[in-house]
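[1] I'd like to go over a predicted model; first the sequence, then the structure.
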Amino acid sequence: MKKWSFFSIAILALLTLTSCEAVETIFKAGMWWGIILVVGVIAIILWLFSRGRNS
């Protein structure tokens with residue numbers, strides 16, 4: 001059942017969005033995930049370095 005609902009949502013999105021809008025939406029989502037991941041990795045690295053200095 002989940003398989004059919006995913007396909008129906010995908011087909012609905014393809015029919016309602018033009019190709020440029022679909023690509024733009026995909027790249028916006030990818031850009032924000034990239035920014036969030038980079039900030040998270042930098043925060044973890046800084047936390048590990050500050051933790052190592054205190055010991």
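    That came through, no problem. Numbering: from 1, shown residues only.

[2] after the host helix or strand of Ser5, next one along is what?
    Using DSSP states H and E, Ser5 falls within helix 2-16. Using DSSP H and E, the helix or strand that follows helix 2-16 in sequence is helix 19-54.

[3] give me the angle between that next one and helix 2-16.
    120 degrees (axes from the mean of the first three to the mean of the last three Cα atoms, to 10 degrees).

[4] counting by contacts, list what helix 19-54 packs against.
    Of the remaining helices and strands, none touches helix 19-54 by 3 or more Cβ pairs under 8 Å, 6 or more residues apart in numbering; DSSP states H and E. Quick note: C-beta positions are derived from backbone N, CA and C, even for glycine.

[5] what average pLDDT does it get?
    Averaged across helix 19-54, pLDDT comes to 85.

[6] buried residues in that helix?
    Within helix 19-54, no residue is scored as buried using 16 or more other Cβ atoms under 10 Å.

[7] quick check, distance from it to the centre of its chain.
    Distance of helix 19-54 from the chain centroid (Cα atoms, centre = their mean, to the nearest Å) equals 9 Å.

[8] how near is Gly40 to Leu46?
    11 Å (Cβ to Cβ, to the nearest Å).

[9] and the residue nearest the centre of this structure?
    By Cα atoms, centre = their mean, the chain has its centre lying nearest to Trp33, at 3.4 Å.

[10] so how far is Ile26 from that one?
    Distance check for Trp33 against Ile26: by Cβ to Cβ, it reads 11 Å.

[11] before we move on, what about Thr18?
    Thr18 is 13 Å from Ile26, by Cβ to Cβ.

[12] next: Trp47.
    Trp47 is 32 Å from Ile26, by Cβ to Cβ.

[13] one more: Leu48?
    Leu48 is 33 Å from Ile26, by Cβ to Cβ.
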